[in-house]
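**Student:** Mind folding the following:
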Amino acid sequence: ISFKIPKTLTKQGGYDHREALFGIPPYGGSIAQNLYYADADLCDSGNIDTRAGYPIRAKDDDGNMLPWPSPYILMVDRGNCSFVQKVRNAQRVGAAGVIIADNTCLCSAGDECHSDPGKDCEQREPIMADDGSGSDISIPSFLMFKQDADLVKAELLANHAVRIEMQWSLPTPDDRVEYELWTTPTDIISVDFQKDFKEAAVALGNRAYFTPQMYIYDGIRSGCQGFNGENDCYNLCTNNGRYCATDPDNDLDRGISGADVVKESLRRMCIWQHYGQDDGVGVQWWDYVNEFLFRCGTEEYFANNQCVKDAMEHSAVDGSKIDQCMKDSGGLEGDVQNNLLEVQLLAKDKSGVVILPAMYVNRVPIRGSLEFPTIFKAICAGYASGTVPSVCTKCSGCPDQKSCITNGYCGTKKQQESVTTSTMIYAMMGLSVFFCLVTVIQHRRYQRQVQEQVKGIIAEYMPLDEEREHNTSVSEEDGEFT
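**Tutor:** Residues are numbered from 1 along each chain as shown. Next up, the predicted model:
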């Protein structure tokens, strides 16, 4: 967060803040607009007065203060309802972004922050978490700590114009971006992404490294392995309760079981190990996931071995190699550790993933829905300056990025042909001008050559004329022509 107006709020390096875990921020971009203080908590969606707040605006013909002029960023007080509810209501009244003004000091702030009467400081920082309903929020939001928010509110309450800039950036360590998807084989939300993103992965090539991560539970930590080493969680787990997954249909007696999900997760890990780990693209992995979703995505065929075999054959995956990989990793039977699943549990703990699906770009979690444009823009924003791939330059700003990547140009074919036609016309005009200039130059050159030839001929005959004039003069002696 930084402030452009007034000068008293400018601060080197900007202001400390915390980003919401919902909404869709424009990664690699920024939003700079005037800031308005709602002077309300925005908890009641039916009672939001857009003509209130500060700074005070001019009045209309009826004597009412004008609404907040769009586009604008709204400052809202913390408290009385969830962060999601506040931001959603701000979005509904037209805000381009939201700043939540904290109303409680952090104990770590010390004397820099002054708590309101009757309020004690907080030991932990508040987290702008998603309450589970934030998928419909598209605008970004930040939490601003009380000691800083109080300074901003003082300017707004004094009716001073305040212009704020909200910026987002991803770590840009080098010319290759690393991105990973945390999901499960039964995750419905990530299906469209897994179906559509293969073209982008191929187009990015070795300039981006993808890692699919399968989310499983540690059965021992969850209490699914009893003291006698047996599975206490029925068919939710494999390896005597070591590795578990939730039952997608919540029916332990029929349908897809948690153990089925763990088995398919291990299979996809092996497919990635054989076909994607080296290049970070994994064409066969994407193809297999699509074939599986098409052929085996139903309750009836999810755990059907023949269906899985067909999916691997149609995606050019060697089934015998994958079966051997699953066996060599430790298998799924008995109280035995599985090396691949153990690595996945460690990666899950390290990443801190809680909500699925989850996408990370350069180890930074991407907020908002798992949609093609959001992820592609985030990846393109993750490159170091001067190393952005041509596909990002060409397609990241295109309204239909997927079509741009597939077709190689932005816009419809008609637009592309229109551009090509206009380019051809300009090219023909340029060539015409060029040939005209060449013709004029050649004509003048030819004229000079002719003139020089004529001058040469005249120069040859001039001496003869002079000699003839000399020889035809009259002699004084005989009066005859000599």
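
**Student:** For residue 346, what is the enclosing helix or strand?
**Tutor:** Using DSSP states H and E, residue 346 sits within helix 339-351.

**Student:** ah, wrong one, I meant residue 335
**Tutor:** Assigned by DSSP H and E, residue 335 belongs to neither a helix nor a strand.

**Student:** what's the nearest residue to it if we skip its chain neighbours?
**Tutor:** Leaving aside its sequence neighbours, residue 335 sits nearest to residue 240 (Cβ to Cβ, 6 or more residues apart in numbering; 4.0 Å). (Each C-beta comes from the backbone N, C-alpha and C, glycine too.)

**Student:** So which elements touch the helix holding residue 346?
**Tutor:** Where contact means 3 or more Cβ pairs under 8 Å, 6 or more residues apart in numbering; DSSP states H and E, helix 339-351 is packed against strand 208-214, helix 258-275.

**Student:** closest one to residue 141 among those?
**Tutor:** Taking Cβ to Cβ, strand 208-214 is the member of these nearest to residue 141, at 27.3 Å.

**Student:** which stretch among the helices and strands packed on helix 339-351 comes nearest residue 340?
**Tutor:** Shortest distance between residue 340 and those, using Cβ to Cβ, is found for helix 258-275: 4.9 Å.

**Student:** Could you tell me the angle between the closest one and strand 208-214?
**Tutor:** Angle of helix 258-275 versus strand 208-214, following axes from the mean of the first three to the mean of the last three Cα atoms, to 10 degrees, is 160 degrees.

**Student:** just checking, next helix/strand downstream of helix 258-275?
**Tutor:** Sequence-wise, the next helix or strand downstream of helix 258-275 (DSSP H and E) is helix 283-296.

**Student:** related to what we said a few turns ago, quick one: the residue nearest to residue 335 from residue 140, how far?
**Tutor:** Between residue 240 and residue 140 the computed distance is 46 Å (Cβ to Cβ, to the nearest Å).

**Student:** who touches residue 315 in this structure?
**Tutor:** By Cβ atoms under 8 Å, 6 or more residues apart in numbering, residue 315 lies in contact with 284, 287-288, 290-291.

**Student:** do the same with residue 160
**Tutor:** 6, 55.

**Student:** before we move on, what SS does it have?
**Tutor:** Three-state assignment for residue 160 (DSSP: H, G, I helix; E, B strand; the rest coil): coil.

**Student:** tally of neighbours for residue 82?
**Tutor:** Neighbours of residue 82 under the rule other Cβ atoms under 10 Å: 16.

**Student:** Test my guess that it contacts residue 128.
**Tutor:** No - assessed by Cβ atoms under 8 Å, residue 82 is found out of contact with residue 128, at 9.4 Å.

**Student:** thinking again about what came up before, of the contacts of residue 315 - the most surrounded one?
**Tutor:** With neighbours taken as other Cβ under 10 Å, the top of the contacts of residue 315 is residue 288, carrying 25 neighbours.

**Student:** so how far is residue 185 from it?
**Tutor:** 11 Å.

**Student:** Report the separation between residue 42 and residue 235.
**Tutor:** For residue 42, the distance to residue 235 equals 46 Å [Cβ to Cβ].

**Student:** So between those two, which is more surrounded?
**Tutor:** Taking other Cβ under 10 Å, residue 42 and residue 235 do not tie; residue 42 has more neighbours (24 against 15).

**Student:** thinking again about what came up before, for the residue nearest to residue 335, list the residues it contacts.
**Tutor:** Each residue near residue 240 by Cβ under 8 Å, 6+ apart is listed here: 225, 229-231, 334-335.

**Student:** can you do 6 Å?
**Tutor:** Residues in contact with residue 240 (Cβ atoms under 6 Å, 6 or more residues apart in numbering) are 225, 229-231, 335.

**Student:** How about the secondary structure of the residue lying closest to residue 406 once chain neighbours are set aside?
**Tutor:** Of all residues not flanking residue 406 in the chain, residue 199 sits nearest, at 5.5 Å (Cβ to Cβ, 6+ apart). Put simply, residue 199 is helix when judged by three-state DSSP.

**Student:** Hmm, residue 403 and residue 199 touching each other?
**Tutor:** No - Residue 199 lies out of contact with residue 403 (Cβ atoms under 6 Å); the separation is 9.7 Å.

**Student:** What about the residue nearest to residue 335? Give its phi and psi, please.
**Tutor:** phi 60, psi 40 (degrees, to the nearest 10).

**Student:** Send over stretch 87-102 as CSV, restricted to the C-alpha atoms.
**Tutor:** Extracted in CSV, the C-alpha atoms of stretch 87-102 (Å, rounded to 0.1, in the frame of the first residue of the first chain):
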residue,chain,number,x,y,z
VAL,A,87,-15.9,-6.8,1.1
ARG,A,88,-18.9,-8.4,-0.7
ASN,A,89,-21.1,-5.5,0.3
ALA,A,90,-18.5,-3.0,-0.8
GLN,A,91,-18.3,-4.8,-4.2
ARG,A,92,-22.0,-4.6,-4.6
VAL,A,93,-22.0,-0.8,-4.2
GLY,A,94,-19.2,-0.4,-6.8
ALA,A,95,-15.9,-0.4,-5.0
ALA,A,96,-12.8,-1.3,-7.0
GLY,A,97,-11.0,-2.4,-3.8
VAL,A,98,-11.4,-2.4,0.0
ILE,A,99,-9.1,-1.4,2.8
ILE,A,100,-10.2,-2.8,6.2
ALA,A,101,-9.2,-0.4,9.0
ASP,A,102,-8.1,-2.5,12.0
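
**Student:** OK, contacts around residue 230?
**Tutor:** residue 240.

**Student:** This structure: strands as residue ranges?
**Tutor:** 2-5, 17-19, 30-37, 73-77, 97-101, 141-144, 163-167, 177-183, 208-214, 217-218, 237-238, 243-244, 358-361, 364-365 (DSSP state E).

**Student:** Quick one: closest of the ones you listed to residue 278.
**Tutor:** strand 208-214 (10.2 Å).

**Student:** Against which helices or strands is that closest one packed?
**Tutor:** strand 177-183, helix 258-275 (3 or more Cβ pairs under 6 Å, 6 or more residues apart in numbering; DSSP states H and E).

**Student:** For burial, what's the neighbour tally of the closest residue in space to residue 255 that isn't next to it in sequence?
**Tutor:** Spatially, and ignoring its direct neighbours in sequence, residue 255 is nearest to residue 249 (4.2 Å; Cβ to Cβ, 6+ apart). Number of residues near residue 249 (other Cβ under 10 Å) recorded here: 12.

**Student:** What separation do you get for the closest residue to residue 6 other than its chain neighbours and residue 366?
**Tutor:** Once flanking residues are discounted, residue 6 sits nearest to residue 160: 5.7 Å by Cβ to Cβ, 6+ apart. Separation of residue 160 from residue 366 (Cβ to Cβ) stands at 36 Å.

**Student:** tell me the most buried of the helices and strands packed on helix 339-351?
**Tutor:** Mean neighbour count (mean count of other Cβ atoms under 10 Å) peaks for helix 258-275 among the helices and strands packed on helix 339-351, with a mean of 23.

**Student:** Helix 339-351 and that one, what's the angle between them?
**Tutor:** Inter-element angle recorded for helix 258-275 and helix 339-351: 90 degrees (by the same axes, to 10 degrees).

**Student:** on that earlier part again, could you provide the contacts of residue 315 in TSV, with additional columns for distance to residue 57 and pLDDT?
**Tutor:** Below are the contacts of residue 315 laid out as TSV (distance: Cβ to Cβ, whole Å; pLDDT from 0 to 100):
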residue	distance to residue 57	pLDDT
284	60	97
287	57	97
288	58	97
290	54	96
291	59	96
